[in-house]
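K.L.:
I need the structure of the sequence given here:
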Amino acid sequence: MTVRASRLLGAERVIAARRNQEVLQALGADAAIDLRLPAAELKQAFARGIGRGLQVAVDFICGPVTEALIETLAQSDLTAAAAASDLRAVEVGSMAGATIALPGGSLRGARLTILGSGAGNFPPP
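P.N.:
Reported below is the predicted structural model:
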C-alpha cells in the first residue's frame, strides 16, 4: 500500500525493503532490498537503491535496519545527489526494535530530518 500511495502522491522512484521476497517483488517498486542481508551488505543495497538520491524514507521497522539506513543516508556521496532537497526519514513502526543508536555524525553528515508518525500526531476529534 505504501508503494501505491507513494506513486499517487507523485513519487518518481520508489524503493521497497522487506524480509519476504515474494511480497517484495509483487509490490511494483523500482528497487527491492532484502532486509535479511547482513549489516554491511544491507548498507550497500541501500546505497545502490538510493542511487541518485532520495527525498523520503518511510520506516515501519526501526532497530538495526533503521540504523543502517540512516548511516547510508548520511554518506556524503549520497547526500550530494539529493542536495537539492532535504532527506526525510519518517518512523511509523517498530517491528524490528523500539530503539536505535544514532551517531552524531549521521546528524551532522546529511540534511536529514527524522520525523515520527502515529496516533499521537493527530489531534483528537
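
K.L.:
the helix or strand hosting Ile114 pairs with which strands, and in what direction?
P.N.:
Here Ile114 sits within strand 112-116, counting by DSSP states H and E. Strand 112-116 has these partner strands in its sheet, going by DSSP bridges: strand 87-91 (parallel).

K.L.:
chain center to the partner strand: distance?
P.N.:
If you compare the mean C-alpha spot of strand 87-91 with that of the full chain, they lie 7 Å apart, counting by C-alpha atoms, centre = their mean, to the nearest Å.

K.L.:
against which helices or strands is whichever helix or strand comes after it packed?
P.N.:
Tracing the chain C-terminally past strand 87-91 and defining elements by DSSP H and E, one meets helix 104-108 next. Judged by 3 or more C-beta pairs under 8 Å, 6 or more residues apart in numbering; DSSP states H and E, helix 104-108 is in contact with helix 63-73. Any C-beta I mention is one placed from the backbone N, CA and C, and that applies to glycine too.

K.L.:
the helix it packs on - contacts with which helices or strands?
P.N.:
Secondary elements touching helix 63-73 (3+ C-beta pairs under 8 Å, 6+ apart): helix 39-50, strand 56-59, strand 87-91, helix 104-108, strand 112-116.

K.L.:
between those, which gets nearest to Arg4?
P.N.:
Arg4 lies closest, by C-beta to C-beta, to one member of the helices and strands packed on helix 63-73: strand 56-59, at 12.5 Å.

K.L.:
residues in contact with that closest one?
P.N.:
By C-beta atoms under 8 Å, 6 or more residues apart in numbering, the residues outside strand 56-59 that reach it are 2, 6, 11, 65-66, 69, 73, 87-93.

K.L.:
can I assume Val65 is in contact with Ile33?
P.N.:
No. Between Val65 and Ile33 there is no contact, the gap being 9.5 Å when judged by C-beta atoms under 8 Å.
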